[in-house]
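>>> Compute the structure for the input listed below.
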Amino acid sequence: AIDEARMKCPITMNIMVFPLTCSDCGHSFERDNILQYLTNKRGQSVKKFCPVHGCNAELNYPVNLKEDEELEIKLQRYAEQKEREKKARRRQMQSQAASQSQARGRTKAEKVDPLHRNASE
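This is a model prediction of the structure:
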């Protein structure tokens with residue numbers, strides 16, 4: 001299992017999809033976010049310090065910022081698990097709504113014909 005905090009880009013705090021990890025400090029970032037951080041106004045790559053508070057590692061793409069395939073696989077699995085959980089919650093809510101709708105239908109029928117319940121028994 002992976003710590004959910006490790007899945008978030010420290011720049012945006014969003015779950016990463018394409019992580020780059022610094023080989024010097026071990027911090028990971030969403031690729032687009034860190035590359036934007038490391039690009040000057042003229043579009044040139046520049047060296048900067050790691051944006052994680054208290055970290056003094058100098059970031060230099062592509063020298064010490066590398067694609068992190070292992071983390072990317074974990075992130076994909078995490079996203080898939082979250083999607084399965086979301087679908088399961090949706091199915092559960094639909095099932096509950098259907099049950100409530102059926103219960104309301106029985107109640108209405110009983111009000112219209114009080115003998116309705118006894119007739120079906």
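
>>> Do a quick rundown of the strands in the chain.
Secondary structure of the chain by DSSP state E: the strands cover 19-22, 28-30, 48-49, 58-59, 65-67.

>>> got TSV for the ones you listed, with mean neighbour count too?
C-beta: built from backbone N, CA, C; applies to glycine. As requested, the strands of the chain are exported to TSV (neighbours: other Cβ atoms under 10 Å):
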stretch	mean neighbour count
strand 19-22	23
strand 28-30	24
strand 48-49	13
strand 58-59	19
strand 65-67	16
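
>>> Which helix runs longest in this structure?
If you go by DSSP state H, the chain has its longest helix at helix 69-112.

>>> Would you mind saying which of the strands of the chain lies nearest residue 12?
The stretch from the strands of the chain with the least distance to residue 12 (Cβ to Cβ) is strand 28-30; that distance is 6.7 Å.

>>> For that closest one, the averaged confidence score.
The average of the pLDDT scores along strand 28-30 is 95.

>>> so who does residue 51 touch?
Contacts for residue 51 were tallied using Cβ atoms under 8 Å, 6 or more residues apart in numbering; they are 10-11, 29, 37.

>>> if we can go back for a sec, and the longest helix of the chain, what other elements does it pack with?
strand 19-22, helix 116-120 (3 or more Cβ pairs under 8 Å, 6 or more residues apart in numbering; DSSP states H and E).

>>> nearest to residue 3, of the strands of the chain?
Proximity to residue 3, assessed across the strands of the chain by Cβ to Cβ, is greatest for strand 28-30 (11.5 Å).

>>> Now do the end-to-end distance for stretch 40-60.
Separation of the first and last residues of stretch 40-60 by Cα to Cα, to the nearest Å is 13 Å.
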